[in-house]
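Asker: Would you be able to build a 3D model of this:
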Amino acid sequence: FSATKLAWLLDHVDGARARAEAGRLLFGTVDSYLVWRLTEGRVHATDATNASRTLLFNIRTQDWDEAMLALFRVPRTMLPEVRDCASDYGSSAASLLGGAVPIRGVAGDQHAALIGQACFDPGTVKATYGTGCFVLMNTGATATPPGQRLLTTLAYRMDGAPAYALEGSIFVAGAALQWLRDRLGVLPHAAGADEMAARADPESHVYLVPAFVGLGAPHWDPEARGAIFGLTRNSGPDELVRAALESVCFQTRDLLEAMAAAGGGAAISVLRVDGGMVASDWTMQCLADTLATPVDRASIAETTALGAAWLAGRHAGLWPEKAEFAARWRRDRRFVPALDETTRAARYAGWRDAVRRTLSRGS
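Answerer: Numbers count the residues shown, from 1 in each chain. The predicted structure follows:
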């Protein structure tokens, strides 16, 4: 959320505020910068999802918020025009790409993943697993009031009509494996994590709470720090790797239960996933077991191509409506729950106890 950064620049860079108030300085997120450069300054525009991440946009009125502009002392003339995700953003200069290429779609990164995963119906959920994790649940035309320490955000805007979502962020997902590999040296390479987790003692009750930089949603405790519980003399690298992978699944369940409690919908019927960490078959199966929900792993290349084509083609009237687009969506693999409920409940109860003990240490 960039308003604080913009305010600092206007107050601390010599001449910046004077130029801004004179209409000689513009502001935008990276998408609007790219559109500006591609069109050689002819278009200063952004889409509603990127605008919603500036701290200056009212997601309910779908306009720049006068109260926030006044609070941060940001001249409205600096800001880009806000358009739909599928809209006309001009064309690139012919000198740049060998011809004038129409720019017909813009969306923020997590919002674009939601579109690429065809999560158009209320209650559909996608999770992106990288260094951290971002989970978005489509809530439809209703901006669910924030609760359970979750973020109410735009999902996308089409034909002037906004769709909303609940979002939760996990600070550490794949970064836990990086820590085991680079700092502890117990994981030779990330590609070997599946084999090590499968070798771990099934009776082990080792839990890793990867609060290296605090805990994100739904806990939001910046003072929490990482902890390992349940170590015995039989615990080794395999058990630590398994605990790291499980922590990602347990944190996802924490988020989805918070979303259900906040009014984001009933228990989900399927979770659609993307990101580098979904290459781990062991983690995706553990995720399905932990959630007691099927997990659809998409082909990243296919969902990226479909999402981009849908945004561009829909504006031109050449692409199907959302229902047909969703029908064209394909998954690389579906993981279905295989763990029995008793074992699932016991593992998750152990995790919740580990988190409680972690949080209580800082209180």
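Asker: From the centroid of the protein, which residue is nearest?
Answerer: Centre of the chain computed as the mean C-alpha position; nearest residue by CA atoms, centre = their mean is residue 134, 2.9 Å away.
Asker: mean confidence score for stretch 235-249?
Answerer: Computed over stretch 235-249, the mean pLDDT rounds to 98.
Asker: And what about the residue nearest to the centre of the chain, helix, strand or coil?
Answerer: strand (DSSP: H, G, I helix; E, B strand; the rest coil).
Asker: just checking, it touches residue 167?
Answerer: Yes: at 6.7 Å, residue 134 counts as touching residue 167 under the criterion of CB atoms under 8 Å. Any C-beta I mention is one placed from the backbone N, CA and C, and that applies to glycine too.
Asker: joint contacts of the two?
Answerer: Shared contacts of residue 134 and residue 167, defined by CB atoms under 8 Å, 6 or more residues apart in numbering, are found at residue 110.
Asker: And stretch 6-20, what's buried?
Answerer: 6, 7, 10, 17, 19, 20 (16 or more other CB atoms under 10 Å).
Asker: Let me know the outermost residue of the chain.
Answerer: Relative to the C-alpha centroid of the chain, counting by CA atoms, centre = their mean, residue 233 is the outermost residue, at 38.0 Å.
Asker: ranges for the strands of the stretch 151-300 of the chain?
Answerer: 151-158, 161-170, 207-209, 227-229, 271-274, 295-297 (DSSP state E, counting those that start in this stretch).
Asker: And for the helix or strand of the chain with the lowest mean pLDDT, what's in contact with it?
Answerer: Within the chain, confidence by mean pLDDT, DSSP states H and E is lowest for helix 300-315 among all helices and strands, at a mean of 71. Helix 300-315 is contacted from outside by 84-88, 102, 104-107, 112-113, 115-118, 158, 274-275, 319, 325, 328-330, using CB under 8 Å, 6+ apart.
Asker: show me where pLDDT drops low in the protein?
Answerer: 264-267, 300, 302-303, 318-320, 362-363 (pLDDT under 70).
Asker: so what does the longest helix seen in it touch, helix or strand wise?
Answerer: Longest helix in the chain, counting residues (DSSP state H): helix 237-261. Where contact means 3 or more CB pairs under 8 Å, 6 or more residues apart in numbering; DSSP states H and E, helix 237-261 is packed against strand 125-129, strand 133-140, strand 161-170, helix 174-179, helix 193-199, strand 207-209, helix 281-291, helix 341-361.
Asker: Tell me the buried residues in the fifth one?
Answerer: Within helix 193-199, the residues that count as buried by 16+ other CB under 10 Å are 193, 194, 196, 197.
Asker: cool, and the first one?
Answerer: Applying a neighbour-count criterion of 16+ other CB under 10 Å, the buried positions in strand 125-129 are 125, 126, 127, 128, 129.
Asker: Closest to residue 93 out of these?
Answerer: The shortest approach to residue 93 among these belongs to residue 128, at 32.5 Å (CB to CB).
Asker: what's the closest non-adjacent residue to that closest one?
Answerer: Distances taken as CB to CB, 6 or more residues apart in numbering place residue 275 nearest to residue 128, at 4.3 Å, with adjacent residues excluded.
Asker: and the gap between that neighbour and residue 131?
Answerer: Relative to residue 131, residue 275 is positioned 9 Å away (CB to CB, to the nearest Å).
Asker: higher neighbour count, the two?
Answerer: Higher neighbour count among residue 275 and residue 131: residue 275, with 21 against 16, using other CB atoms under 10 Å.
Asker: Which elements pack onto the host helix or strand of residue 31?
Answerer: Taking DSSP states H and E as the definition, one finds residue 31 inside helix 30-38. In terms of contacts (3+ CB pairs under 8 Å, 6+ apart), helix 30-38 is packed against strand 45-47.
Asker: Give me the residues contacting the helix or strand just after the strand it packs on.
Answerer: Sequence-wise, the next helix or strand downstream of strand 45-47 (DSSP H and E) is helix 48-51. Applying CB under 8 Å, 6+ apart, the external contacts of helix 48-51 come out as 29, 31-32, 57, 59, 62, 64, 80, 82-85, 106-108, 111, 153-157, 162.
Asker: Residue 351 contacts residue 243, doesn't it?
Answerer: No: the criterion here is CB under 8 Å, and residue 351 misses it with residue 243 at 9.6 Å.
Asker: Would you tell me which of the strands of the stretch 151-300 of the chain gets closest to residue 361?
Answerer: Of these, nearest to residue 361 by CB to CB is strand 227-229, at 7.3 Å.
Asker: and the spatially closest residue to residue 282 that is not a sequence neighbour, what is it in contact with?
Answerer: Once flanking residues are discounted, residue 282 sits nearest to residue 194: 4.1 Å by CB to CB, 6+ apart. By CB under 8 Å, 6+ apart, residue 194 lies in contact with 280, 281, 282, 283.
Asker: Would you reformat the residues you listed as a markdown table and include distance to residue 174 and neighbour count?
Answerer: Below are the contacts of residue 194 laid out as a markdown table (distance: CB to CB, whole Å; neighbours: other CB atoms under 10 Å):
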| residue | distance to residue 174 | neighbour count |
| --- | --- | --- |
| 280 | 9 | 22 |
| 281 | 15 | 13 |
| 282 | 14 | 18 |
| 283 | 10 | 27 |
